[in-house]
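Peer 1: Kindly return the folded structure for what I paste below:
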Amino acid sequence: MILLITPSAKVQECTKVLEEATSESMQVAPTLRQAAVQLRSEEYSVVVLDQFLVEAEPEESDLVLQHIGAAVPMYANFAISGIDRISRELRAAVNRHKREIVTARHSAEQMLRSELKGTLTALMLSCELALQAADQATAEGKIRQVYELAVEMRTKLGIPADDPAWKAAN
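Peer 2: Okay, here's the model as predicted:
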């Protein structure tokens, strides 16, 4: 979803063209104060700020930027820029946001893999040794190691010990 912040009288016409250009739904805020309220309650991929408002109300625009979250900010001068130019810039901003999401997801996956790789290897090795154990005491010791490794993995994943799924497994 895209948030368009402008007091422009042609906002409805502009919104329709920009929705078609980006295939994204849009919400409109006529003031920076209303935009800040909307940013607190919704998540947006791009926030389009009318350059006129940013220059006229710098404190309010700072407030908006504090609540923008992961959205890509885009500045547009509706007084001098044509709708075609704004559409192109908005499509570029939407694509940039999509790339950033993919990059962030990939980075998080890589960190999780790195974080859990050693624990998972030890877990699998302990299971294999428990299956090959000749006596009950050795097998029990290996199963205890498997349990401790599972607790370590749960901690790394941030799953609390009182989680219903965890309690059901114990």
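
Peer 1: do you know how far residue 28 is from residue 81?
Peer 2: 17 Å (Cβ to Cβ, to the nearest Å). In short, each C-beta sits where N, CA and C put it, glycine included.

Peer 1: Which residue, other than its chain neighbours, is closest to residue 21?
Peer 2: Nearest residue to residue 21, sequence neighbours excluded (Cβ to Cβ, 6 or more residues apart in numbering): residue 87, at 3.9 Å.

Peer 1: on that earlier part again, out of residue 28 and residue 81, which sits in the busier spot?
Peer 2: Using other Cβ atoms under 10 Å as the criterion, residue 28 and residue 81 rank with residue 28 on top: 19 against 13.

Peer 1: now the helices for this protein?
Peer 2: 11-22, 32-41, 51-56, 58-66, 83-132, 136-157, 164-169 (DSSP state H).

Peer 1: which of these has the lowest average pLDDT?
Peer 2: With a mean of 60, helix 164-169 has the lowest mean pLDDT of these.

Peer 1: What's the local residue count around residue 49?
Peer 2: 22.

Peer 1: and it, what are its bridge partners?
Peer 2: Residue 49 forms beta bridges with residue 5, residue 75, as assigned by DSSP bridges.

Peer 1: Could you measure from it over to residue 36?
Peer 2: Applying Cβ to Cβ to residue 49 and residue 36 gives a distance of 12 Å.

Peer 1: anything in contact with each of those two?
Peer 2: residue 64 (Cβ atoms under 8 Å, 6 or more residues apart in numbering).

Peer 1: starting at the chain centroid, how far to stretch 98-114?
Peer 2: 10 Å (Cα atoms, centre = their mean, to the nearest Å).

Peer 1: Can you give the contact residues for it?
Peer 2: 45, 70, 72.

Peer 1: Now for the closest residue to residue 38 other than its chain neighbours, how many residues are close by?
Peer 2: Among residues not flanking residue 38 along the chain, residue 29 sits closest, at 5.5 Å (Cβ to Cβ, 6+ apart). Neighbours of residue 29 under the rule other Cβ under 10 Å: 23.

Peer 1: Please look at residue 29 and residue 3 and confirm they touch.
Peer 2: Yes: with contact defined as Cβ atoms under 8 Å, residue 29 counts as touching residue 3 (6.3 Å).
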